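**Student:** Okay, here's the prediction I keep looking at, along with the sequence it came from:
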Amino acid sequence: MRSYSLIAPAKINLYLEILGDRPDGYHELVMVMQSVDLADQIDLRSNGTETMRVQCDHPLVPNDTSNLAYRAAHLMSQQFPKAFAQFGAVDITIHKHIPVGAGLAGGSTNAAAVLVGLDLLWELGLTQPEIQELGALLGSDVPFCVTGGTALATGRGEQLDALLDLDKLYVVLAKYRSLSVSTPWAYQTYRQQFESSYLREPTVQVNRRREVRSGAMLTAIAHRDSAQIGQLLHNDLEKVVLSHYPKVADLQKRFRDRQPLGTMMSGSGPTVFALTHTQAEAQQLSDQMSSAIADPDLELWVSQFSHCGIHVAQ
Ligand code: C5P
């Protein structure tokens, strides 16, 4: 029996712009993704059988074939039948710390960990781009989760360009435990509400504006200008999620009133994050939010930018 334990970090979106729809039903995006050190631990253990099994300690995560981590293992068994025959299946144990249905890529990073872990366990010697290509078959955020750090993600979100590692800013993450947002719902609602007006604008003009806006964020990152990064945070999905979930909008307002470097919803939400320079500022902000809102349903985490994607636990 052989085993590996992997650390699977969450991500936040410093920038998420929807450029339009795609023939495959997805949306064409420009995103800046950032890993944070809030992470799950994924244990993979050869089980001496031909049956992949998955188990998670979180009640909302399914322990069956619909789990994205299971699907990653199944994909590997199909892609590498010889290695599967030689080494057999694995038991996947997910120790959840990343909130579920939160816009933090919790499921995607678990799947990325299974791909990286099985590459090691089955001695496949895959390159990172090869693992990312497999990841893209499972979900748009999986390729980023493999490498992590700071990256520009385009296309569906699966085309990646690594960006300069940023100084390790601190992040306060806030989420109501009982709230989760369906990602397909957020994108579909955005499409219904905004696409028609959007398409009426001359393409050249729209393209120029997009370039200016995302270009400013990329410049701020290139200069490691934390104040500018905080100012330029952007997420188009806020336009639909905040109006449907007033509690999420309220979280962001309360963060903003306390003047962090910046505050934004991550991905399709409902997690809202705020950036600070120091851990003390982040802790103070978290404490202030906790006592101001005083709701046992509210969860807060103090985390930090991470330069790591999936890695083997020490
Ligand atoms: O790729 P993934 O399965 O993680 O995406 C979840 C859902 O998010 C998709 O089913 C789709 O509704 C939406 N999505 C999108 N455009 C993207 C990425 C995701 O519409 N570029």
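**Tutor:** Nice, I can see it.

**Student:** Please count neighbours and contacts with C-alpha atoms only from this point.
**Tutor:** Will do.

**Student:** So which residues of the stretch 51-200 of the chain form helices?
**Tutor:** For the stretch 51-200 of the chain, helices defined by DSSP state H, counting those that start in this stretch occupy the ranges 68-79, 81-87, 106-121, 128-136, 142-147, 183-200.

**Student:** Low-confidence ranges, the stretch 201-314 of the chain, go.
**Tutor:** Using pLDDT under 70 as the threshold, the predicted model of the stretch 201-314 of the chain has low-confidence ranges 201-212.

**Student:** looking at it, Phe255 is touching Thr263, isn't it?
**Tutor:** Yes: contact criterion C-alpha atoms under 8 Å: Phe255 and Thr263 qualify, at 6.7 Å.

**Student:** Pick out whichever of those two has more residues nearby.
**Tutor:** Legend: neighbour count by other C-alpha atoms under 10 Å for Phe255 and Thr263, higher for Thr263 (27 against 24).

**Student:** list the contacts for the more buried one?
**Tutor:** For Thr263, the residues meeting the contact criterion (C-alpha atoms under 8 Å, 6 or more residues apart in numbering) are Gly230, Leu233, Gln252, Phe255, Arg256, Val272, Phe273, Ala274, Leu275.

**Student:** So it: helix, strand or coil?
**Tutor:** Applying DSSP: H, G, I helix; E, B strand; the rest coil to Thr263 yields a three-state assignment of strand.

**Student:** Beta-bridge partners for it, please?
**Tutor:** In this structure, Thr263 has the following beta-bridge partners (DSSP bridges): Ala274.

**Student:** How about the backbone phi and psi for the residue nearest in space to the middle of the chain?
**Tutor:** Of all residues in the chain, the one closest to the mean position by C-alpha atoms, centre = their mean is Ala105, 3.1 Å from it. Reported as degrees, to the nearest 10, the phi and psi values for Ala105 are phi 60, psi 30.

**Student:** Please list only the buried members of the contacts of Thr263.
**Tutor:** Among those, the ones that count as buried by 16 or more other C-alpha atoms under 10 Å are Gly230, Leu233, Gln252, Phe255, Val272, Phe273, Ala274, Leu275.

**Student:** so what's the first one up against?
**Tutor:** Think Gly230. Under the criterion of C-alpha under 8 Å, 6+ apart, the neighbours of Gly230 are Leu261, Gly262, Thr263, Leu275.

**Student:** List just the nearest of these to the ligand.
**Tutor:** Each of these was scored against the ligand by C-alpha to the nearest ligand atom, and Thr263 proved nearest at 22.1 Å.

**Student:** Next one: Leu179 relative to the ligand, how far apart?
**Tutor:** Look at Leu179 and the ligand: by C-alpha to the nearest ligand atom, to the nearest Å, they are 18 Å apart.

**Student:** what do you get for Asn235?
**Tutor:** Distance from Asn235 to the ligand, counting by C-alpha to the nearest ligand atom: 13 Å.

**Student:** Tell me, how many residues neighbour the closest residue to that residue other than its chain neighbours?
**Tutor:** What sits nearest to Asn235 in space, not counting adjacent residues and going by C-alpha to C-alpha, 6 or more residues apart in numbering, is Leu16, at 4.5 Å. Each residue near Leu16 was counted by other C-alpha under 10 Å, and the total is 25.

**Student:** Ramachandran angles for Leu16?
**Tutor:** Main-chain torsions, Leu16, degrees, to the nearest 10: phi -150, psi 110.

**Student:** does it really touch Val32, like I thought?
**Tutor:** Yes: counting by C-alpha under 8 Å, Leu16 touches Val32, with 6.7 Å between them.

**Student:** Surely the residue nearest to the centre of the chain touches Lys11?
**Tutor:** Yes: under the criterion of C-alpha under 8 Å, Ala105 makes contact with Lys11 at 6.1 Å.

**Student:** Now list whatever residues contact both of Phe255 and Thr263.
**Tutor:** Between them, Phe255 and Thr263 share the neighbouring residues Ala274, with contact defined by C-alpha under 8 Å, 6+ apart.

**Student:** In CSV, list the contacts of Gly230 along with distance to Leu173.
**Tutor:** Formatted as CSV, the contacts of Gly230 follow (distance: C-alpha to C-alpha, whole Å):
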residue, distance to Leu173
Leu261, 14
Gly262, 12
Thr263, 10
Leu275, 9
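
**Student:** Retrieve the pLDDT associated with the residue in the chain sticking out farthest from the centre.
**Tutor:** For the chain, the residue at maximal distance from the C-alpha centroid (C-alpha atoms, centre = their mean) is Gln86, at 33.4 Å. According to the predicted model, the pLDDT of Gln86 comes to 96.
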